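**Q** Here is my input; please provide its structure:
(2 chains)
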Amino acid sequence: MKNIFHKLVATAAVATLFSCSDFLDQELQGNPDTNQYFNTQYQLQESLNAVYNILQTDKYTNSEWIFGEACGDDVVSTDEATTSQIAQVVNFTFNTSNDYILRRYEIMYKGINRANQVIANAHKVKFADADNSNYQNVRQILGQAKFLRAMFYFNLVKTFGGVPIRPETEDVTALTIPRSTKEEVYAYIEKDLREAAIMLPAVFTDGNAGKVGAGAATALLMKVLVYQATPGEPSDKWDEVVRLGKYFVGGQAMSYAEMIRLETYDETWDEIHDRLWFKPKALLGPKDTYETAETQMPVLANQYNLEAKSTYDNSTLHYRQLYHQAGEFCARSVFEIVFKESADGTTGDSNQGTGIVNDIFMNRVFASTSFRNAVAADPRRNEVILLHASVTFDGERLEVPNGRYGCMKWYTPKSERPREASDNGKNRRVIIYSDVVLLYAEALNETGNRMEALEQLNSVKAVANKITNVATLYKAGTYLEMRDQIWTERRLELCHLWDRYWDIVRQGRAASILHALAAETTHMRGKNFIEGINEVFPIPQNEIDITNGVVAQNPGY
Amino acid sequence: MKKYLFYILLPLLAASCDDDDKVVMPDAEFTMSADEVSIYETVTYTYTGSPSTQVVIYTGDTGHNFDLKDDGNSGFVVNDGVATYAYKEPGTFDVVVVATNYDKYGGESMMNIARKTITVKDDDNELRTLSLKRDLYNKELPAHIEGNDILLAVPEKVRISNRDIAVSLKAQRLEVATMSANASVLVEDAPFVATSKYNLTVPLKLSVVAASGDKRDYMIHAVTLPSFSAFAVGTAKGTIAFSDYDFDKTTVTVTVPAGTDLTSVTPVFTAAAAKRIRVNGVDQVSGSTAVDFSEPVVYELTNWEDGNEAMACTSYVTVTVNK
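**A** Numbers count the residues shown, from 1 in each chain, chains lettered A, B, ... in the order given. Purely as a prediction, here's the structure:
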């Protein structure tokens, strides 16, 4: 009896133990955890949407205009004479604890973390059948995640220099990662972009418009290469940009092997092929073809154009319409961040734009005198800046503050305004085709092909000339003259796209330009920029504190 | 036994109780990575005092002077015991660390400060760039700076609006930039004037004086980029053209009578500034070296400063002979 009792107790105890652990392991019904979440390609697509979502956040959008535009010389802001933290950033009087510097660091890593989850979990996706379209779907999702991850790292490396490269799968015992060098980060970005380029179709259209394709990946790759090269110094990066320009702009053929630079890999093509979700050889059906290293990249030259028709109604677009709704996803636009207004005109969907563009356009950021002088004799003048109280092209009195010139690329035409004013409704153009052509022209000049550089440069100017029917083109010149002309054209053609500051930094002339800008305002914005120090911002003090100094500070801070 | 324990523990309890309410004077101490630094060099301050609720550091330079804290000067909060800073102006500054303890209601505070002196020197006397620009019809000609030598390879002519205009070395205005904004520039020991024209036919001494007074001497060497002033094959004279695109590239085009054998042609040429003329590494002598002109030939014309072969420059002339 005693024995039985003991056994009963023991059994009960064990049972309790089990049931107890069962209870703890019980999952909330209908709530998938990360082990199950990525079972289907649709769930993988949802996790990719979460990466795109970062681009639409206020934190990302604000960071982009504060650093990329307000720090540069094309604009002056109403609040830059104050002592606010934004004013400290644009005046280069910040310290290492500046909130906006921290926010920029945080939002990019948030994006990287989300992209890493897509990339690290893709192998969990299960297919209902072995149809090639399944592989293609996953491959395209991964390609986009790689592009986005590369863009976040690119934003970091141009802001802070070398930064920690997070592992694709985070390990809780090793959360502190030291900084990689600038070169290592750039190599990581390049690899992602090159692989994305072969994984993606040339462009996505119709219902999929807005997703990044091989065109966007190649364009960003060209920019990333240019940022690694120094103007005036020979570099294989310039040669690479010329090669990619010949493919992108010139229509020359390029194979997968040439795009990813197969010779730099330790893996064989077959290994890369399977890793990037091309359908493995063993599973190929009778109708499937095997992609070899010699498979040709999709042709980009016929997808993009310096002039374009609207993708909505096929009408020929006016120069300014690239920046309006009619010009969304047109052949002049390579990559844009999609914002939409809430369907019923209500607020509450704060992630879909908060009218940031409208706010900076109407109240905060205006064309600088320096920019007005630069654009004064250009046919684009009236399309890119407009004085207070002037009448806009769609017949409205421009209500920017008295004496200010509005940046018209941010203007939302009357017919396109969202019902709820705090919505955005306006896609942000991140890379436009003329940027690609001008990068190509710059690389041609750097590699000694000045005549071809002039041809590309003038192809951009010739389109702008049509606005007012003028015929002034750029002239032949020596290396420096050509470079100056290309940089002048970059400033005018790519103005107010939140890229000017990064452009003058990588050109190595941020100090001289910003010091010249100081004369424009009483608070002398720009005078504090120190050459050799301020080209990168400080690593946020928070990051240094959290990692106990494993993440080291930039020199000069 | 238990009683003893109680009596021993009682004061401890009382004491810990006291600690909660009473604000203790913090012991402010800190170290600096160096007490003499260069401008823009990172200084690391490490707080080594007793743990305190708040640590603030005043770096002592303009805007961050502790003694002027009531006049709007501010410090930086140190969160994790370590702060870094880089000085943007030379001088001697008082670095002050303020450690403060508050009670839990914020009503009572005890503050202690520690003070150290730091000397910031600006001894950067390096030259950043030098170029010719304003007397070159707005074409910019950058110098090559190597060590203390500055080499300017100046073309004999530049091409402007389809005309070749001679460049004079006797009177050129210079564009100079130094690494440090606080440094000054001397030319032959007189202050550099951006609007003055300098004679570059002889080496010119240029000095950069740092804010600390440290002086560095450079030497400007202007060397003429050679080009052909005449190039003829027999009686056929070549047409010489400077390039729109490059200072160091020119072209010569010669048209010879039909029937001339182009595989062995002996041209006659003049290039006053060239100390060495070569084709594919072979020295060329006017009127004596024969060249195969069935394809365009690139002549390399090299010149250097008299007695100083290190200051050399080479131009490339593409010669085309047509029938």
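**Q** Tell me how many other residues crowd residue 131.
**A** Going with chain A. Residues contacting A:D131 under the criterion other CB atoms under 10 Å in any protein chain shown number 14. Using the backbone N, CA and C atoms, a C-beta is placed for each residue, glycine as well.
**Q** oops, chain B please
**A** 16.
**Q** next one: the one 10 residues further on
**A** Using other CB under 10 Å, B:L141 has 23 neighbouring residues.
**Q** Show me what it is bridged to.
**A** B:L141 has these beta-bridge partners by DSSP bridges: B:L132.
**Q** Quick check: it touching B:V154?
**A** Yes - applying CB atoms under 8 Å as the test, B:L141 and B:V154 come out as touching, 6.6 Å apart.
**Q** Around chain B, pick out the residues from the stretch 51-200 of chain A.
**A** A:95-97 (CB under 8 Å from any CB of the partner chain).
**Q** Out of the residues you listed, who's the most crowded?
**A** A:T96 (22 neighbours).
**Q** and that one, which of the three is it?
**A** Of the three states, A:T96 takes coil under DSSP: H, G, I helix; E, B strand; the rest coil.
**Q** Pull up the overlap in contacts between B:L141 and B:V154.
**A** Both B:L141 and B:V154 are contacted by B:L132, under the criterion CB atoms under 8 Å, 6 or more residues apart in numbering or on different chains.
**Q** From A:H123, how far out is A:Y188?
**A** Applying CB to CB, to the nearest Å, the value for A:Y188 to A:H123 is 20 Å.
**Q** between those two, who's got more neighbours?
**A** Using other CB under 10 Å, the more surrounded residue of A:Y188 and A:H123 is A:Y188, with 16 against 10.
**Q** Any chance of the residues of the stretch 51-200 of chain A next to chain B in TSV with distance to A:Q485 and pLDDT as columns?
**A** Formatted as TSV, those follow (distance: CB to CB, whole Å; pLDDT from 0 to 100):
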residue	distance to A:Q485	pLDDT
A:N95	39	88
A:T96	39	90
A:S97	42	90
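**Q** List just the nearest of these to chain B.
**A** Using CB to the nearest CB, A:N95 comes nearest to chain B of these, at 5.6 Å.
**Q** Once you drop chain neighbours, what's closest to that closest one?
**A** B:F76 (5.6 Å; CB to CB, 6 or more residues apart in numbering or on different chains).
**Q** May I have the phi/psi pair for the one you found?
**A** Main-chain torsions, B:F76, degrees, to the nearest 10: phi -110, psi 140.
**Q** Which strand residues bridge it?
**A** B:I57.
**Q** same thing with B:I240?
**A** Residues in beta-bridge contact with B:I240 (DSSP bridges): B:V252.
**Q** any idea what sits nearest the most centrally placed residue in chain A, other than its immediate chain neighbours?
**A** Nearest to the geometric centre of chain A sits A:M151, at 4.8 Å (CA atoms, centre = their mean). Distances taken as CB to CB, 6+ apart put A:L220 closest to A:M151, at 6.4 Å, once the chain neighbours are dropped.
**Q** Would you mind listing what in the stretch 401-550 of chain A touches chain B?
**A** A:450-451, A:475-482, A:484, A:512, A:528, A:530-533, A:541-542, A:544-545, A:548-549.
**Q** from the residues you listed, which would you call buried?
**A** Listed as buried from those are A:450, A:476-482, A:528, A:530-531, A:533, A:541-542, A:544-545; burial here means 16 or more other CB atoms under 10 Å in any protein chain shown.
**Q** A:L497 - that's part of a strand, no?
**A** No - counting by three-state DSSP, A:L497 falls outside a strand, being coil.
**Q** B:M110 versus that one, what's the distance?
**A** Applying CB to CB to A:L497 and B:M110 gives a distance of 54 Å.
**Q** Neighbour count for these two, which is higher?
**A** When neighbours are counted by other CB under 10 Å, A:L497 and B:M110 differ, and A:L497 comes out ahead with 22 against 16.
**Q** residues contacting residue 209?
**A** Using chain A here. A:311, A:328-329.
**Q** Correction: the question concerned chain B.
**A** Counted by CB under 8 Å, 6+ apart, B:V209 has contacts B:125, B:183-186, B:215.
**Q** ok, now A:K182?
**A** By CB under 8 Å, 6+ apart, the contact set of A:K182 is A:157, A:161-162.
**Q** Just the closest of the residues of the stretch 51-200 of chain A next to chain B to B:A232, please.
**A** A:T96 (69.2 Å; CB to CB).
**Q** in stretch B:36-44, what's buried?
**A** So stretch B:36-44, judged by 16+ other CB under 10 Å, has buried residues B:37-40, B:42-43.
**Q** If you count contacts, what does the helix or strand hosting A:M259 end up packed against?
**A** Using DSSP states H and E, A:M259 sits in helix A:256-260. Helices and strands touching helix A:256-260, as assessed by 3 or more CB pairs under 8 Å, 6 or more residues apart in numbering or on different chains; DSSP states H and E, comprise helix A:182-199.
**Q** Mind giving me the packing neighbours of the very next helix or strand once past the helix it packs on?
**A** Downstream of helix A:182-199, the next assigned helix or strand under DSSP H and E is helix A:214-228. Other helices and strands packing on helix A:214-228, by 3+ CB pairs under 8 Å, 6+ apart, are helix A:132-160, helix A:182-199, helix A:236-248, strand A:333-337, strand A:428-432, helix A:433-446, helix A:500-506.
**Q** Mind putting these into CSV with distance to B:G63?
**A** Formatted as CSV, the helices and strands packed on helix A:214-228 follow (distance: least, CB to CB, whole Å):
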stretch, distance to B:G63
helix A:132-160, 24
helix A:182-199, 31
helix A:236-248, 40
strand A:333-337, 38
strand A:428-432, 36
helix A:433-446, 39
helix A:500-506, 24
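**Q** wait, is B:V254 part of a helix?
**A** No - counting by three-state DSSP, one finds B:V254 to be strand, located in no helix.
**Q** number of nearby residues for the closest residue to it other than its chain neighbours?
**A** Nearest residue to B:V254, sequence neighbours excluded (CB to CB, 6+ apart): B:G238, at 4.1 Å. B:G238: 22 surrounding residues under other CB under 10 Å.
**Q** out of the residues of the stretch 401-550 of chain A next to chain B, which are inside helices?
**A** Residues of these located in helices (DSSP state H): A:450-451, A:479-482, A:484, A:512, A:541-542, A:544-545.
**Q** Nearest the geometric middle of chain B, what residue?
**A** B:R128 (3.1 Å).
**Q** A strand includes that residue, no?
**A** Yes - assigned with three-state DSSP, B:R128 falls within a strand.
**Q** is it true that it touches B:A181?
**A** No - with contacts defined as CB under 8 Å, B:R128 does not count as touching B:A181, sitting 10.2 Å away.
**Q** which stretches of the chain aren't confidently modelled?
**A** You didn't say which chain, so I picked chain A. A:1-35, A:341-354, A:421-425 (pLDDT under 70).
**Q** other chain: chain B
**A** In chain B the weaker segments, taking pLDDT under 70 as the threshold, are B:1-21.
**Q** Contact residues of it facing chain A?
**A** So chain B meets chain A at B:40-42, B:76-77, B:79-80, B:82-86, B:88, B:128, B:139-140, B:142, B:177, B:179, B:243-247 (CB under 8 Å from any CB).
**Q** so what's the residue in the stretch 101-250 of chain A positioned nearest to chain B up against?
**A** Of all residues in the stretch 101-250 of chain A, A:G232 sits closest to chain B, at 7.8 Å by CB to the nearest CB. Applying CB under 8 Å, 6+ apart to A:G232 gives the contacts A:446, A:479, A:483, B:142.
**Q** any idea which of those residues has the most stuff around it?
**A** Greatest neighbour count in the contacts of A:G232, by other CB under 10 Å, goes to A:E446: 27 neighbours.
**Q** Looks like that residue contacts A:P231 (just checking).
**A** Yes - using CB under 8 Å, A:E446 is in contact with A:P231, at 6.7 Å.
**Q** got any residues that touch both of those two?
**A** Counting by CB under 8 Å, 6+ apart, the residues touching both A:E446 and A:P231 are A:R483.
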